[in-house]
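K.L.:
Provided below are the primary sequence and the corresponding predicted coordinates.
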Amino acid sequence: MSTRDLKALLDEVPDTFELVLRHAAPPGPSRSAIYDAWNDAHQEAEASYRHWRVGGGREAYTSYRAAQDREDAAQDALAVAPA
């Protein structure tokens, strides 16, 4: 499957506007789902960065950049979220 085919396929998937978090919310005072999404993305970006720095390679770098882009998007959402 080419990149173009994959993009066309993914463009056809409807957006449900759901947040999928990797971890359950910790017990105690509730934080926002947007913060939790940013935290998950931040942890994933850090892990991807370490993996790329240790092993190198184009695929590892691409994975790191994708994780960093998700963290940036979550941070942007967090910045405009009500306190």
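P.N.:
Alright, I've got the coordinates.
K.L.:
lowest confidence element among the helices and strands of the chain?
P.N.:
Here the helix or strand of the chain ranked lowest by mean pLDDT, DSSP states H and E is helix 3-11, holding a mean of 84.
K.L.:
mind listing residues that contact that helix?
P.N.:
For helix 3-11, the surrounding residues in contact (CB atoms under 8 Å, 6 or more residues apart in numbering) are residue 1. All C-beta spots, glycine's among them, are computed from the backbone N, C-alpha and C.
K.L.:
ok, then the element right after it?
P.N.:
Remark: after helix 3-11, the chain's next helix or strand is helix 33-55, criterion DSSP states H and E.
K.L.:
which other helices and strands contact that following helix?
P.N.:
The contact analysis (3 or more CB pairs under 8 Å, 6 or more residues apart in numbering; DSSP states H and E) places helix 33-55 against helix 58-80.
K.L.:
which residue, neighbours along the chain excluded, lies closest to the residue nearest the centre of the chain?
P.N.:
Central residue of the chain (CA atoms, centre = their mean): residue 70, 3.5 Å from the mean position. In space, residue 70 comes closest to residue 41 once its chain neighbours are excluded; the distance is 4.4 Å by CB to CB, 6 or more residues apart in numbering.
K.L.:
quick check, pLDDT for that neighbour.
P.N.:
On pLDDT, residue 41 comes in at 91.
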